[in-house]
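Asks: compute the structure for the input listed below.
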Amino acid sequence: MPDAPSALLGRDLLEQLEARIIFKNGEISLEVKDQQYVELLSLMLITKEIEVASEKENFRKIMDQVFPRVWASNIPGRAKNALPVQIRLKEGGQPVRVKQYPLKKEDIEGVSPIIENFLQLGLLRECQSDFNTPILPVKKPDGSYRLVQDLRAVNKVTEDLYPVAANPYTLLTRLTPELTWFTVLDLKDAFFCLPLHEASQKIFAFEWESPKTGRKTQLTWCVLPQGYKNSPTIFGEQLANHLKSWEPPPGEGQLFQYVDDLLIATQTQETCVDWTVSLLNFLGLQGYRVSQKKAQMVRQTVIYLGYEVSAGQRTLGQDRKEAICQTPKPQTVKELRTFLGVTGWCRLWIYNYGLLVKPLYALIREGSRDHQWTKDATRAFDQLKLAPALGLPDRFLKYQAILVEQDDVENVVTNIVNPASFLSGSMGEPVIHDCLETIEATYSSCPDLKDTPLEDAETWFTDGSSYVISGRRHAGYAVTTSKRVIESGPLPTNTSAQKAEIIALIRALELAKGKDINIYTDSRYAFGVVHAHRVIWKGRGLLNSQGKSIKHAQEILRLLDAIQLPEKVAIMHIKAHQKVSSELEEGNMLADREAKEAAKGEVPDKAVEAALIPDGKVSIEEFRLKIEGCAIRGYDIDFNITQVCTEYHKNQTKITPPVPRKAVITKMPAIPEVEEQIIPVVTKIGSYAIKKTGVQKLMVNPKWSLKQVEMGVQISRNTLGAAFVATRNLHASKTSFQKTGTAEVSSILEERILGADTSAELEETGRVLSIGDGIARVYGLRNVQAEEMVEFSSGLRMINDSARLLQYNYVGMSLNLEPDNVGVVVFGNDRLIKEGDVVKRTGAIVDVPVGEELLGRVVDALGNPIDGKGSIASKTRRRVGLKAPGIIPRISVREPMQTGIKAVDSLVPIGRGQRELIIDEKKKLYCIYVAIGQKRSTVAQLVKRLTDADAMKYTIVVSATASDAAPLQYLAPYSGCSMGEYFRDNGKHALIIYDDLSKQAVAYRQMSLLLRRPPGREAYPGDVFYLHSRLLERAAKMNDSFGGGSLTALPVIETQAGDVSAYIPTNVISITDGQIFLETELFYKGIRPAINVGLSVSRVGSAAQTRAMKQVAGTMKLELAQYREVAAFAQFGSDLDAATQQLLNRGVRLTELLKQGQYVPMAIEEQVAVIYAGVRGHLDKLEPSKITKFESAFLAHVLSQHQALLSTIRTEGKISDQTEAKLKEIVTSFLATFEA
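Replies: All right, here's what the predicted structure looks like:
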């Protein structure tokens, strides 16, 4: 082209590509054959070195090398070599005609461009058909439309194809950890790539009316339509056939296909780039189009089929979890089916999904369009949304950063030498950590336990058998070598196969004590326990993921102990019932045969011991008691009461004649320079003598002690007095040794008849199964009561305080009473409590000291003093969990409780015995302030202010700060309430302030989740409503027959962003007699107290107000509420009528009048005088800025010159006509002088 205005470069390349430059309608386009273009890109790929690059660089490389037409555009793809799809009707199927339902004009106009474009591209054509189905335009979030056709009627009459698409639950199991780089490709308008057979096109016809011409016609699809039930199967099979001819580039990788979604997984980044380029070019040449917007290319983490896929892992995507968690409760069967479809996709992540959804499927089977929700269905719906795998972080939850403060610490320059200054400045050799060794040491049942055979070690085989013959179960076990039987025997008839396998493995380990041993078991269950599940179950306290006890818990504990017996041990799994081809199969076959044979034997009738005490022996762990600093005539004593054991001793001899039935006393060596002697006393039980084997140990035949051997310490003329109980109940389950001999039975009867059994009452004990986060799971304690105090053996110590022996121990409260364990919340730090520690019942429900001795003191949730002022000499204690008074002792709230706050006493009055959401302290009342979850510095400041105001003498402060354990924060309100009830039941008046109950609810939620109670709304347990109702109902005004006292409760509830409709605020509002809503916005506007008059309400109303206050403040609340509403419209500057203007003027002045400083209470008669001036309109002409100044001057004037008027209001409690006239005269005359 010599006449071209510009030089054309690359003409030789254009000739090689056989390119054509086309000029048409004023536009220039370039056409290049597909194959030549790809060859050119391949040439570029060969000459260009691919380096490891960033995601953007990878994207650029891929874009430079792929066929450009592979990316989706306005022109859909067309699969090459794809035969037209034929659709067949079912046998006897008839044409379906579903009339097009009316569409909105905007929907028709929105979808019209799409239909016109499809007609131009040949995807749609006009037709005349006896089929017709409706279309539905669907508006997208961005405002564009999508064309959807309702093909349900067509789907019913067409043949079904067997779906051959990959199972999404098993498709990704081929992903190995070595595959770390991924590409996800989503084909655009994939179904439109396959043509539809002309004879089948009429089946998908629909009616269309053009918005431009108004002409109605029928259109149908020329390609495979979306919405047809077999479209995914047909397209997926077609694409899979095409992909068979794709040859991936060199390198390790995998290609996954699910319908039109493709996933490439490779080991290296370079391989992933090569495979992505190759696959894109292949798809483009085959006529498919890929969505560039949805493509995820060469990444290490991608989203595929709703899963988040990375190296060797797949998790649920965030979008899918949010969709489930935000789904409202379905109201129709259709909505319920949609919800079940979404959750069904996540069934692999939801434990017991099939069982959970049964009640929901029952609703669908009822067949009604609008179903009725049952309790089971509602519970199932909530549990599905609260499944752990679907949990989402709640960014609206309150987060607290706790600052630990210590008042006696300050920054100073010290001359104390820092030991670190003597250390060498040079770094030593780095410590090398082996991750696999750490994992093995942490999760293995035994540090040197192996799952591969040991060299130069014996090889044993174990097996257990359990089967039923003629309705009777037989069970047995065997331990063998490959040639001989080591041990075998029958087991009780209730033994399952799993339990028999565990017992067989236990016996093998016990028999191999001190040996190097290889043990083979064909039980995957037993193999998994010792190698995988031990740490998980132990950490959970032998509980499964549902909070229930695992099966065979005691046998598993015994197995984990038995693993420690051999010198070295390896436990391997071997497949069962294999053909004998080696020595291993021979040994396993022998163990299997011998176990079945042993099961036929009879279990011997012998003494059966408790499950935790094998081999007929009982060993009570050492009870070590250290008495520190016990002053006896100026000398310190430090001694141990050592181990007392009760065990079977074969060499015991019978003494003839029997020792008389009295205590056998043996003196211990005297303590130097101390006159008193320490004497161990051992109670004699039965006709056998106690064999003394030394001062340190006593051997006792179990036949002697049916109940308890009692050992005590006596120090004559000393305050240590009573003996310490050194032994515990041998069995937490109260299992005793079975007595089968007649002589032994006679001995028992003889002891009881003659009164020889002098042992103390048994103390029921248990053992700690697991401990963590302040929650202990305890085995035993069968008779423990709810909220009973229990003691842990850890940290036991004794001190002598004022001639009294005090015992300090870790204590807790039992809350969860389950069949196989007890959930105990620990009061305080649990760091010294260990698994296996003894836990003892106290028989006492949680109680606290009460009485006037507590006034002026700061105590914790258990009533212990924490103010450093010494012990509290209270003689009365009261349980914290008492029931609320009934109907008979109560009277209605009618006696006002003056707070001294104008806004409260006039607008939201509080009566004695009421429950209302606000706080204040008043000298006429005994006040109990309960600080829950507050900072220690905040509580300290409050105590200081009360002390400075001389108010602590009427106040008790119960503190459970943010640094205290959750159980203490949960218990504090109940403890404070018990202290307040003491005053109420003794005819006095008390006010209790809970600051605040929302933190108590959070603490209770934390405890409940750790106790594995099922969560409900906002993860709170279902009984959180009862938590507060049983507390607040204890506030009451008693009638004269019950002393006439009162307890008024003022709970504080914190809201998030002012949302009073949240769960906890809603619950408390429904319980209380009113609420005072404090608004942050009002506070920052200078309106203090910042009371929102519209939301605040007192349900006792005027019953808790004096008549004088009712007379002056009767209409004030309504006027203020109207003022707030009108003030919002007045901001727009519209013209206001005179009445509205008057309302605004009055509201501004009343708002100013109700402002009140902190710690400035006002007597009720003074409030009446001030409010009278504002409500009666005397201040309407006064500038709002002068209201506060007027109030101070007016009260000073009245107090100095009209004291008689205030006395009249106070004594009469009302405003008579004469009093009102006098008050009006005073206000008018004072205003005249004030304005002047």
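Asks: where does pLDDT dip in the stretch 351-500 of the chain?
Replies: Regions of the stretch 351-500 of the chain meeting the criterion pLDDT under 70 cover residues 365-371, 387-447.
Asks: helices of that one, residue ranges please.
Replies: Here the stretch 351-500 of the chain has its helices, by DSSP state H, counting those that start in this stretch, at 353-356, 358-365, 375-385, 435-443, 497-511.
Asks: let me know which of the ones you listed is tucked in deepest.
Replies: Greatest average neighbour count among the helices of the stretch 351-500 of the chain goes to helix 497-511 (a mean of 23), per mean count of other C-beta atoms under 10 Å. Heads up, the C-betas are built off the backbone N, CA and C, glycines and all.
Asks: partner strands of whichever helix or strand comes after that helix and their direction?
Replies: Beyond helix 497-511 on the C-terminal side, the first helix or strand identified by DSSP states H and E is strand 516-521. Take DSSP bridges as the rule and strand 516-521 pairs in its sheet with strand 458-469 (parallel), strand 568-573 (parallel).
Asks: out of those, which comes closest to Ser794?
Replies: strand 568-573 (31.0 Å; C-beta to C-beta).
Asks: what are the contacting residues of the closest one?
Replies: Residues from elsewhere that reach strand 568-573 (C-beta atoms under 8 Å, 6 or more residues apart in numbering): 446, 448-454, 457, 505, 509, 512, 516-524, 527, 530-531, 563.
Asks: Asp847 against Ser874, yeah?
Replies: No - Asp847 is beyond contact range of Ser874, at 11.2 Å (criterion: C-beta atoms under 8 Å).
Asks: what touches both of the two?
Replies: With C-beta under 8 Å, 6+ apart applied, the contact sets of Asp847 and Ser874 do not overlap.
Asks: reformat the helices of the stretch 351-500 of the chain as a markdown table; add distance to Pro177.
Replies: Listed next are the helices of the stretch 351-500 of the chain as a markdown table, based on distance: least, C-beta to C-beta, whole Å:
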| stretch | distance to Pro177 |
| --- | --- |
| helix 353-356 | 26 |
| helix 358-365 | 36 |
| helix 375-385 | 31 |
| helix 435-443 | 15 |
| helix 497-511 | 31 |
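Asks: quick one: the strands in the stretch 301-450 of the chain, in order.
Replies: Ranges of strands within the stretch 301-450 of the chain are 302-304, 307-310, 313-316, based on DSSP state E, counting those that start in this stretch.
Asks: still on that earlier bit, point out the most buried one among the strands paired with strand 516-521.
Replies: The highest mean neighbour count among these, using mean count of other C-beta under 10 Å, belongs to strand 458-469: a mean of 21.
Asks: hey, where'd the helices end up in the stretch 501-650 of the chain?
Replies: Using DSSP H, counting those that start in this stretch, helices in the stretch 501-650 of the chain cover 524-528, 534-539, 553-562, 583-598.
Asks: mean pLDDT lowest where, among those helices?
Replies: Note on the helices of the stretch 501-650 of the chain: helix 534-539 shows the lowest mean pLDDT, a mean of 63.
Asks: how about the strands paired with strand 516-521 in JSON lines, adding distance to Glu335?
Replies: Output for these, formatted as JSON lines (distance: least, C-beta to C-beta, whole Å):
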{"stretch": "strand 458-469", "distance to Glu335": "48"}
{"stretch": "strand 568-573", "distance to Glu335": "48"}
